[in-house]
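1. Fold the following for me, if possible:
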Amino acid sequence: MARKVLILSSSPRRGGNSDMLCDEFMRGAVDSNNEVEKVFLRDKTIHPCLGCSVCSQYQKPCPQKDDAAEIIDKMLRADIIVMATPVYFYAMSAQMKMLIDRCCGPYTEMRNKEFYFIATAAEDDPEIMERIVTNFKGFLDCLENPTIKGSVFCGGVWHVGEIKGNPALQEAYEMGRSIE
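-> Okay, here's the model as predicted:
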């Protein structure tokens, strides 16, 4: 049975290194006959959370008129969520963090989701990925029964295209292909 896979690419550069890993993951997941959608966060308008509590305290839709509600709805309907980010100053991109913060009210509805993490960084130190995964786990710790299924990290890539030929691309493809 096909699974619903949602890929959240938070690279500010279309075709950037982390975005290329997303494309390979997507290709693998599609080759395994899954239903896959990639959302390129740069193309969306997502405002920062205002902390107004309308969503969390009153269970009403966020009063902000942007694309966050649409993306969060896709997250709620997905079986699998791939969260991809380039690493800037040893942290996830602002685009990804802003989306996570906007999950404040609806996060209680995110149950039994499987997660994959993708990250790229200029520095080639595997501890960077541990830091990013720890950050993502902060979000997952608030969800009901999330499962981390895997992660792909590619260090030593900064400028667009530096990832070409890197084995991490095949790793991302295989990870996507393994979804059943």
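2. And Cys154, how close does it get to Asp125?
-> 12 Å (CB to CB, to the nearest Å). Just so you know, the C-beta spots here come from the backbone N, C-alpha and C atoms, and that holds for glycine as well.
3. quick one, which of these two is more surrounded?
-> Set Cys154 next to Asp125 and count neighbours by other CB atoms under 10 Å: Cys154 wins out with 23 against 13.
4. which ones are touching the more buried one?
-> 17, 21, 119-121, 163, 166, 168 (CB atoms under 8 Å, 6 or more residues apart in numbering).
5. Now do the strands for this structure: every range, in order, please.
-> 4-9, 35-40, 80-86, 114-121, 147-155 (DSSP state E).
6. give me the number of residues near the nearest residue in space to Cys154 that is not next to it in sequence?
-> Computed as CB to CB, 6 or more residues apart in numbering, the closest residue to Cys154 that is not its neighbour in sequence is Ala168, at 3.7 Å. As a burial measure, Ala168 scores 21 neighbours (other CB under 10 Å).
7. And the one 5 residues further on, by the same measure?
-> By the measure other CB under 10 Å, the count of residues near Tyr173 is 20.
8. Contact partners for it?
-> Contacts of Tyr173 by CB under 8 Å, 6+ apart are 24-25, 27-28.
9. The helix or strand of the chain with the lowest mean pLDDT: how far from the chain's middle?
-> Lowest on mean pLDDT, DSSP states H and E among the helices and strands of the chain sits helix 127-140, with a mean of 95. Taking CA atoms, centre = their mean, to the nearest Å, one finds helix 127-140 lying 12 Å from the centre of the chain it belongs to.
10. go on, stretch 9-26?
-> For stretch 9-26, the distance to the chain centre is 10 Å (CA atoms, centre = their mean).
11. Of all the residues in it, which ones are buried?
-> 9-11, 16-26 (16 or more other CB atoms under 10 Å).
12. Hmm, Glu24 is touching Leu169, no?
-> Yes. Counting by CB atoms under 8 Å, Glu24 touches Leu169, with 4.9 Å between them.
13. how far does stretch 53-67 sit from the chain's center?
-> 22 Å.
14. And stretch 37-54, by the same measure?
-> With CA atoms, centre = their mean, you get 13 Å for stretch 37-54.
15. Go ahead and name everything in contact with that stretch.
-> By CB under 8 Å, 6+ apart, stretch 37-54 touches 4-14, 19, 22-23, 26, 60-64, 66-68, 70-71, 74, 95-96, 98-99, 101-102, 104-105.
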